[in-house]
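S.K.: Just the structure for this:
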Amino acid sequence: MSKPADKPEVVQLPAEAPIAAPARNRRAAAQRVREARDRLTSTSGTRPAFDRELLRQYAQTRLSASYVVMLLVVATGLLFGLWMEPVSAIAWTCGMLCIHAVIIRNCAKYLNEAPSPNGTRKWRTRFVLLDLLYGLCWMAILIHPAGADIISNTMLMFLMLLVVAVSSMLAASLPIAALAATAPATCAIALNFVLGGTFDNYILALLAVAAEGYFALLAHRLHSTTLATLEARAEKDALIGELEQAKAISDEARHRAESANVAKSRFLAQMSHELRTPLNAILGFSEVMKSEIFGGHAVPVYKEYSADIHNSGVHLLNLINEILDLSRIEAGRYELNEEAVSLVHVVADCHHLLKLRASSRGITIHEVFEHGMPRIWADERASRQIVLNLLSNSIKFTPQGGEIWLKVGWTASGGQYLSVKDTGSGIAEEEIPIVLASFGQGSNSIKSAEQGAGLGLPIAKSLIDMHGGTFTLKSKLRIGTEVIITFPPERVMSALAPMAEEAPPLQPESFDTVADDKRRPRNKPIMSAGTGL
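M.R.: Residues are numbered from 1 along each chain as shown. I've put the predicted structure just below:
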């Protein structure tokens, strides 16, 4: 009992391997060119689209935090109204609210305006100037002579940190604006503490400067994170665009391929009759001339010419039939006419048909068949074509004096297999995918005198795949080739077991018959009723 055959591994051809690398290189080069062009046209060193997006985020953040800023301004005005002159605090509060209203109005106007490269540069400058004015207003309220009162110094320090923190978070998308909004207040507080002349005030001044540096660094980090997020989103959008473009191209190529396939099928369907009709006439008349039915030729060499014409016509007809069969298989129009088939008988008949051809080349064909094998449910014509293609292929590439083994037997899973093994020149391992492709030929077949269309193995593989079987090709150079095909166990028609139950009567039983049946032994078959046995 033989082992079940495995499907051959299909490897990728070496010629197709380096195709992806140039595509990646072109994509990377196009991206570098696009980034360089964007940086040249940008004022901040980033893409213009990123500049617009950062300004948009700045404007949205300002709008969303407008009530928080108003609450901070009003609370500061009330605190300084209790601490200093109320009129000055009220005037500062009103001025601060007006500046905040101008900022909010400009942010809303920017969000409603259509984006443009010149407009982005203009709005960026405007926002920086407004934030500078915003910071100068905070500096005006925070300038207060520092005395020995630790409570006033602590309150000023806390208020400065609160203003710097809020301004840095609001203008994180625009680091220059954040620096313009916080630097004046920090400088005012630090200068106020330095003018105090005490060691504690010097420490507070250093803390103010350190806090300003910390929040500036934090705003820069937030800006870098936002920019990295925008770059990742842009790369994702570009990748999605490339995928959509590739999908559109592949869909268009698929439509063209389907149209070409339909056109090919129509061409073959229309030309099959046009090719076969004159070819049959050539075969018929050349057969008549070769057989000299109407008398001998005046020149004997004409008989040889007629035989050559007939043989060439037969070869051309076989080639046309193979091409049409392959086209029907690829188009899914090949229908299997399944019936009970004996694989051993099919292989023996094919051996008988090609025995003369093998004997003329001095090739010995050995048969190794297991006896008592049941029939299989398959297409007899397709099975014969598979065996003929494999056997003729082996005879073609086996040198004179070689040997071929035909084996038919059981697989380990309960199916049946056919093995065709020869002592030919063999096939290189890297050429196996080529010979299994349509019209593919190995180097040995190209050098051989008997070249074909390269359709024998592909047709055999397609037909066995339609039966649900496997196709395995094993070959070594200068040793030989072995092709194994297997039919699955579900196609083996095992002998049916006899029925355990008695069959029903063919005619209705009468009362006398029922009484007689009661007197008969129970183990007597029911079909013997009325026979006298």
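S.K.: OK, contacts around the nearest residue to L353 once chain neighbours are set aside?
M.R.: In space, and not counting its chain neighbours, L353 is closest to L388: 7.3 Å by CB to CB, 6 or more residues apart in numbering. Quick note: C-beta positions are derived from backbone N, CA and C, even for glycine. Applying CB atoms under 8 Å, 6 or more residues apart in numbering to L388 gives the contacts C350, L353, L354.
S.K.: for the helix or strand hosting L388, what is the average pLDDT?
M.R.: Element membership for L388, per DSSP states H and E: helix 380-397. Helix 380-397 shows a mean pLDDT of 89.
S.K.: what does stretch 468-487 give?
M.R.: Summarised as a single mean, pLDDT over stretch 468-487 is 90.
S.K.: Show me how far it is from its chain's centre.
M.R.: Relative to its chain's centre, stretch 468-487 lies at 30 Å (CA atoms, centre = their mean, to the nearest Å).
S.K.: go on, stretch 113-121?
M.R.: Counting by CA atoms, centre = their mean, stretch 113-121 comes out at 41 Å from the chain centroid.
S.K.: what do you get for stretch 63-76?
M.R.: Using CA atoms, centre = their mean, the offset of stretch 63-76 from its chain centre is 54 Å.
S.K.: pLDDT averaged over the one helix or strand L326 maps to - what is it?
M.R.: According to DSSP H and E, L326 maps onto helix 301-330. Across helix 301-330, the average pLDDT comes to 77.
S.K.: Just the buried residues of that helix, please?
M.R.: Along helix 301-330, these residues count as buried under the neighbour rule (16 or more other CB atoms under 10 Å): 306, 309-310, 313, 317, 320, 322-329.
S.K.: could I get these as CSV with distance to K122?
M.R.: Listed next are these as CSV, based on distance: CB to CB, whole Å:
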residue, distance to K122
S306, 94
I309, 89
H310, 90
G313, 85
L317, 82
I320, 76
E322, 75
I323, 71
L324, 73
D325, 74
L326, 69
S327, 67
R328, 70
I329, 69
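S.K.: Alpha carbons of stretch 381-398, as PDB, please.
M.R.: Taking Å, rounded to 0.1, in the frame of the first residue of the first chain, the C-alpha atoms of stretch 381-398 are listed here in PDB:
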ATOM      1  CA  ARG A 381     -12.700  10.900 -21.000                       C
ATOM      2  CA  ALA A 382     -10.900  13.200 -18.600                       C
ATOM      3  CA  SER A 383      -9.200  10.200 -16.900                       C
ATOM      4  CA  ARG A 384      -8.000   8.900 -20.300                       C
ATOM      5  CA  GLN A 385      -6.700  12.300 -21.200                       C
ATOM      6  CA  ILE A 386      -4.800  12.600 -17.900                       C
ATOM      7  CA  VAL A 387      -3.100   9.200 -18.400                       C
ATOM      8  CA  LEU A 388      -2.300   9.800 -22.100                       C
ATOM      9  CA  ASN A 389      -0.800  13.200 -21.300                       C
ATOM     10  CA  LEU A 390       1.400  11.800 -18.600                       C
ATOM     11  CA  LEU A 391       2.500   8.700 -20.500                       C
ATOM     12  CA  SER A 392       3.100  10.500 -23.700                       C
ATOM     13  CA  ASN A 393       5.200  13.100 -21.800                       C
ATOM     14  CA  SER A 394       7.300  10.400 -20.300                       C
ATOM     15  CA  ILE A 395       7.800   8.600 -23.600                       C
ATOM     16  CA  LYS A 396       8.800  12.000 -25.200                       C
ATOM     17  CA  PHE A 397      11.500  12.800 -22.700                       C
ATOM     18  CA  THR A 398      12.800   9.300 -22.000                       C
END
